Structure formats: C-alpha cells, structure tokens
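Undergrad: please find the sequence and the predicted model below.
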Amino acid sequence: MSISSEPIVALTKADIYQGGKLVLADVSFEINKNEFVFLIGRTGSGKSSLLKTLYADVWLEAGQAVVAGHKLHNIKRSEIPFLRRKLGVVFQDFQLFMDRSVEENLEFVLKATGWKDRAKIQNRIAEVLMQVGLGTLQKKMPHQLSGGEQQRVVIARAMLNEPQILFADEPTGNLDPEVGEQIMEVFQRINNAGTAILMATHNYDFLKKYPTRTLKCENGEVAVR
C-alpha cells in the first residue's frame, strides 16, 4: 500500500476511556483522505471521548490507533504537538481569546506552531478568513461577532496549518438552525477542497441532507453505518 492510499484514521480494537471509565470497547474503523464522516450518539455515549482520544487529549489505553501517520498506542508526549499540527479541532464552545482580535487569535496559533515570517503569517490569516467567509473582520473582537461568526473564526483557526483532517465536536450545537446550516456549508466547502472531516452532531437533519458514512456510539460500541 502506498502512503497516499493509507487512511487518515485507523482504529483497531481500541478501548476508549473517560476519567478511568471504559466508555467504548473494541472500536475499529477507518476514515480515508477527503472523506466526510458523521459521529452520532446520545449525550454521554462516548463521542467526545473518542474525539479527544483521536487528537491525543485522552490516552489510548488498549488497542491500536493511527492518526495522520502517528501511532497513538505508543506515541510519546513529545510527539503530540507534531500530531496536532496535522489536525484541526473545532469545539462547540469556541474557546477564543476574548481579549484579542480575530487576527490576534489566529496569529497566536501560527506563532505557537512555529511560524515566524510576518508576511506569511498575515497572508495565511487572510486566506483562512476568506475560506470561511470572514475576509473583512480581522480587526474585530470576538464579542463584536455573532455566534455563527465566532464559530467561523474557530474553523479558520483549525485550518491554519492545512490539516489533513478536522475533528468537530458538535460545532453547530450552540447555534440556531439557520446559522448551523451556514456553518455546515462551510464544512462542506472545506471537505470538497480535500480535507477529511469527522463531525460529531445531534442534528439528524444534516444526516438526511448530506448523506454520508456515519459512526454511531451506542451501548459501549461504535457501529459503522
């Protein structure tokens, strides 16, 4: 198998824990490059714990998992930053610095991941903001933005280092349906441009409108649908 054909995510008999409690057992699935996959399940079913395991915020206790070429079952803590540079994570609660402008929020991430050239930083910020439809709001503070606009900034932040895959944890959960639909369209454009996406959602209308492969967390297992 050539490197280009390897899946972005591959889990084999992985056990997913949350606070020392086993929440998902014997999990096996793959996500291919450019693929869009929904992750569904009731609150407390293990969706967030699975996502946190995939970006190494929760340790993989048993089984095997490879994400963007990194083996999570024997990854060293010193390697985790290199894994995360290949990933993008979009949270439901935004997690923006409220005392910094949109531009400063994004600049912080780039500098933290090794960018130094001022012109390149400015160009990349402009690119990702255009990508999410916020090309004129660099100087705005988060409190001056609507919830939908703040979530677009979060998506732009996740795209800064051109990730191979985006992990999105209920990204429309705090937004009204119309704004949520607009955010979903942003994700569709990102996916069509070549970035794989694993999105946890409670919005079953998305599953009907954007039919694709779905993973369901239920009864301590992950079923592939």
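TA: Happy to help now that I have it. For clarity, every value in this text was computed on a predicted model and none was experimentally measured.
Undergrad: just the strands in this structure please.
TA: Listed in chain order, the strands of the chain (DSSP state E) span 9-18, 21-31, 36-40, 62-67, 70-71, 87-90, 165-169, 196-200, 214-218, 221-224.
Undergrad: need those in TSV with distance to G180 and mean neighbour count, can you?
TA: The way it works is simple: take the backbone N, C-alpha and C, and place the C-beta from them, glycine included. Output for these, formatted as TSV (distance: least, C-beta to C-beta, whole Å; neighbours: other C-beta atoms under 10 Å):
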stretch	distance to G180	mean neighbour count
strand 9-18	25	20
strand 21-31	23	17
strand 36-40	14	21
strand 62-67	27	18
strand 70-71	32	16
strand 87-90	13	23
strand 165-169	12	23
strand 196-200	12	23
strand 214-218	18	18
strand 221-224	24	15
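Undergrad: I'd like those strands laid out as a markdown table, including mean pLDDT and distance to M184.
TA: As requested, those are arranged in a markdown table below (pLDDT from 0 to 100; distance: least, C-beta to C-beta, whole Å):
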| stretch | mean pLDDT | distance to M184 |
| --- | --- | --- |
| strand 9-18 | 96 | 21 |
| strand 21-31 | 96 | 18 |
| strand 36-40 | 97 | 10 |
| strand 62-67 | 96 | 24 |
| strand 70-71 | 96 | 28 |
| strand 87-90 | 94 | 12 |
| strand 165-169 | 96 | 10 |
| strand 196-200 | 97 | 9 |
| strand 214-218 | 96 | 15 |
| strand 221-224 | 93 | 22 |
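Undergrad: which of those strands sits closest to S49?
TA: Ranking those by proximity to S49 (C-beta to C-beta) places strand 9-18 first, at 4.2 Å.
Undergrad: can you list the strands that the closest one pairs with?
TA: Listed by DSSP bridges, the sheet partners of strand 9-18 and their directions read strand 21-31 (antiparallel), strand 62-67 (antiparallel).
Undergrad: any chance of the ones you listed in CSV, plus distance to H73?
TA: Conversion of those to CSV gives the following (distance: least, C-beta to C-beta, whole Å):
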stretch, distance to H73
strand 21-31, 12
strand 62-67, 5
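Undergrad: minimum distance to T212: which of the ones you listed has it?
TA: strand 21-31 (11.1 Å).
Undergrad: wait, which of the strands of the chain is closest to K120?
TA: That would be, of those and by C-beta to C-beta, strand 87-90, which comes in at 18.7 Å.
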